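Enquirer: Sequence first, predicted model second:
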Amino acid sequence: MTTAERRAAILQQLAHAGAPIAARTLATHYGVSRQVIVQDLAVIRASHPGIISTARGYVLEQPDQPAGCTREFKVRHTPDRTGQELNLIVD
């Protein structure tokens with residue numbers, strides 16, 4: 001398997017994975033070292049920025065999921081206290 005074929009296979013595997021895949025798992029599957037997989041993923045990430053590195057492995061960002069964290073605040077205050085409320089949230 002060539003390097004380009006391995007990188008394409010890794011990208012395909014990430015696209016179909018339901019959970020993060022560790023570099024060690026990919027290395028065992030493709031018969032290379034973990035460092036080779038990390039290098040491959042660095043190259044892949046340059047052209048596919050949707051690959052996210054987590055503590056449990058690599059995942060491909062899904063287009064139907066919102067990017068980043070979302071937090072919703074439900075507050076009740078008078079209009080003149082809006083500025084104070086926003087500063088409290090930011091702080």
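Expert: Looks like it came in fine.

Enquirer: L41: helix or strand, and which one exactly?
Expert: helix 34-47 (DSSP states H and E).

Enquirer: which strands and helices sit next to that helix?
Expert: With contacts defined as 3 or more CB pairs under 8 Å, 6 or more residues apart in numbering; DSSP states H and E, helix 34-47 has these neighbours: helix 3-16, helix 23-30, strand 51-54. Using the backbone N, CA and C atoms, a C-beta is placed for each residue, glycine as well.

Enquirer: same thing but 6 Å
Expert: Here helix 34-47 touches helix 3-16, helix 23-30, going by 3 or more CB pairs under 6 Å, 6 or more residues apart in numbering; DSSP states H and E.

Enquirer: Pull the number of nearby residues for the closest residue to I21 other than its chain neighbours.
Expert: Computed as CB to CB, 6 or more residues apart in numbering, the closest residue to I21 that is not its neighbour in sequence is G57, at 4.6 Å. Residues near G57, counting by other CB atoms under 10 Å, number 17.

Enquirer: Please apply the same query to L60.
Expert: Residues near L60, counting by other CB under 10 Å: 19.

Enquirer: That one and L14 touch, don't they?
Expert: Yes - using CB atoms under 6 Å, L60 is in contact with L14, at 4.2 Å.

Enquirer: ok so, going back, which outside residues touch the helix holding L41?
Expert: Contact with helix 34-47 is made by 7, 11, 23-24, 26-27, 51, 58, as judged by CB atoms under 6 Å, 6 or more residues apart in numbering.
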